[in-house]
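In: Provide a 3D model corresponding to the input given below.
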Amino acid sequence: MAWATADVTVQSVTDAYELQDWLDRSRELRGHSAVAVPPAEVGYQGPISDIVAVALSSGGAVAMLIRAVLSWMELRRNSGKIHVKFRSKDGAELQVEVDRVHDRDALLDRVLRFLEGQDAGE
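Out: Sure thing, here's the model as predicted:
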């Protein structure tokens with residue numbers, strides 16, 4: 001069982017597969033992500049966004065995921081904001097919005113505190 005999971009919401013299925021490929025370049029994350037295309041909402045022909053689901057085995061994997069997503073965003077133009085939903089093994093969830101202006105260390109600290117159960121009030 002994973003230590004935690006993360007759902008990374010991106011703008012398109014192309015973005016989802018590109019991000020998954022990017023994550024697979026990391027030894028820590030390789031083979032732990034999958035593209036999950038949600039069903040279309042009523043009135044739409046396809047999903048509004050797509051998700052890359054990631055199983056995280058440790059705090060180190062969380063750090064690697066955050067660094068990888070931010071690096072991927074820096075290489076792309078107009079990637080916009082990405083939403084990441086972290087889920088702890090007890091089912092608690094933390095949603096964060098990731099963009100280029102986030103302080104990597106503060107974001108990582110917030111997510112790790114949450115997943116380690118020290119920040120359950122968020």
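
In: Only the buried residues of the longest helix along the chain, if you could.
Out: Longest helix in the chain, counting residues (DSSP state H): helix 59-75. Neighbour-count burial for helix 59-75, counted by 16 or more other C-beta atoms under 10 Å, picks out 61, 62, 63, 64, 65, 66, 68, 69, 70, 72, 73. All C-beta spots, glycine's among them, are computed from the backbone N, C-alpha and C.

In: The first one against residue 29, yeah?
Out: Yes - assessed by C-beta atoms under 8 Å, residue 61 is found in contact with residue 29 at 6.4 Å.

In: still on that earlier bit, I'd like the next helix or strand past the longest helix of the chain.
Out: strand 82-88 (DSSP states H and E).

In: Give me the sheet partners of that following strand and which way each runs.
Out: strand 4-10 (antiparallel), strand 93-98 (antiparallel) (DSSP bridges).

In: Nearest to residue 21, out of the buried residues of helix 59-75: which one, please.
Out: The closest of the buried residues of helix 59-75 to residue 21 turns out to be residue 72 (C-beta to C-beta; 9.5 Å).

In: Quick check: closest non-adjacent residue to the closest one.
Out: With sequence-adjacent residues excluded and distances taken as C-beta to C-beta, 6 or more residues apart in numbering, residue 72 is closest to residue 22, at 4.6 Å.
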